[in-house]
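Chemist: my questions concern the predicted model and sequence given below.
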Amino acid sequence: MPVAELRGVTKRYGEVQALRGIDLSIERGELLALLGPNGAGKTTAVRILLGLSKPTAGEAMVFGHHPASQEAKLRRGALLQVAKVPETLKVREHIELFSSYYEKPLPIAETIAAAGLGGIENRLFGALSGGQRQRVLFALAICGNPDLLFLDEPTVGLDVESRRTLWAHIRAFVKRGGSVLLTTHYLEEADALAHRVAVIDRGRIAAEGTPAEIKAQTKTSGLEDAFLAIMRESGNAPEEVLQ
């Protein structure tokens, strides 16, 4: 059984059809990168799998349960672009607070180590750099000892060093058997991290496969070129895609 899946999911917002009968699955120990231009349906798909939105048609399951169920919530974590936490609490205090929401959280020391926060755990969140803040938010996503992570543009705005540091922590999570659904506009990031890539455009899955398979299908050497080729084939102009 997949860790999470969408089966024939359609989502309408009035006259707008955000998803058009898509099928998508995430396997145990897999990092799936969901790619697509703005407005393609990525956020809608993630919101449905998080139980924050209901499909108009079709079915969404997480660990065999409804995404909004307690069984699903206790086994997944999320790092979303809109995440905000109080700046006047210390790093350790944030982790202790979030850990208290779960039945079997990771030990605090293990969470701090896994997110690379050693040495700054007693600093105020408001005093941290951008990269350090993202690592704290990553810690809050993993502190409940989840089996599945949703990472929505986790490295946006980070410098190269901070981005690659977070990549290392994501890889470590997957190596321990965790599963990840990653959305990103950084094609290099998807190429470096993903076991499998799904390209979504205008509510439909336009291509799916390993990064190597996607590049082979489009006869390109880089994932960015492959992505642009897929968009051209679907009728999206490259300049529209890259905005």
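Modeler: Structure's in. What do you need?
Chemist: contact partners for I22?
Modeler: L6, G8, V9, T10, G41, A45, G58, I200, G203, R204, I205 (CB atoms under 8 Å, 6 or more residues apart in numbering). All C-beta atoms are positioned from the backbone trio N, CA, C, and that covers glycine.
Chemist: surely it is in a strand?
Modeler: Yes: under DSSP: H, G, I helix; E, B strand; the rest coil, I22 sits within a strand.
Chemist: now it: how far from H185?
Modeler: 20 Å (CB to CB, to the nearest Å).
Chemist: how about the helices of the chain, start to end?
Modeler: 42-49, 70-73, 91-99, 108-114, 130-142, 160-175, 187-193, 211-218, 223-234, 238-241 (DSSP state H).
Chemist: can you say which of these is nearest to G29?
Modeler: G29 lies closest to helix 160-175 among the helices of the chain, at 6.4 Å (CB to CB).
Chemist: please point out which parts of the closest one sit buried.
Modeler: S162, R163, T165, L166, H169, I170, F173, V174 (16 or more other CB atoms under 10 Å).
Chemist: what's the farthest-apart pair in those residues?
Modeler: Most distant of these, by CB to CB, are S162 and V174, 19.2 Å apart.
Chemist: is it true that G222 touches D191?
Modeler: Yes: judged on CB atoms under 8 Å, G222 makes contact with D191 at a distance of 7.4 Å.
Chemist: who has more neighbours, the two?
Modeler: Between G222 and D191, counted using other CB atoms under 10 Å, the more crowded position is D191 (19 against 14).
Chemist: how far away is the more buried one from F227?
Modeler: With CB to CB as the criterion, D191 and F227 are 10 Å apart.
Chemist: how about L32?
Modeler: Separation of L32 from F227 (CB to CB): 15 Å.
Chemist: and if you look at R7?
Modeler: From R7 to F227 the distance is 25 Å (CB to CB).
Chemist: among these two, which residue is more densely surrounded?
Modeler: Neighbours were counted for R7 and for F227 using other CB under 10 Å; F227 has more, 28 against 15.
Chemist: per-residue pLDDT of that one, please?
Modeler: Note on F227: pLDDT of 94.
Chemist: is it correct that it is in contact with V199?
Modeler: Yes: with contact taken as CB under 8 Å, F227 and V199 are classed as touching, separated by 6.5 Å.
Chemist: between those two, which contacts overlap?
Modeler: Residues touching both F227 and V199 comprise L35, with contact defined as CB under 8 Å, 6+ apart.
Chemist: ok, and the closest non-adjacent residue to H185?
Modeler: In space, and not counting its chain neighbours, H185 is closest to E153: 6.8 Å by CB to CB, 6 or more residues apart in numbering.
Chemist: pull up the gap between the closest residue to A139 other than its chain neighbours and A45, please.
Modeler: In this structure, A139 finds its nearest non-sequential neighbour in A115, 3.6 Å apart by CB to CB, 6+ apart. Distance of A115 to A45, computed by CB to CB: 26 Å.
Chemist: again with R133
Modeler: 26 Å.
Chemist: next one: T184
Modeler: To A45, T184 is 14 Å away according to CB to CB.
Chemist: list the residues that contact the nearest residue to G131 once chain neighbours are set aside.
Modeler: Excluding the flanking residues, the one nearest G131 by CB to CB, 6+ apart is S162, at 2.8 Å. S162 is in contact with S129, G130, G131, Q134, T155, counting by CB under 8 Å, 6+ apart.
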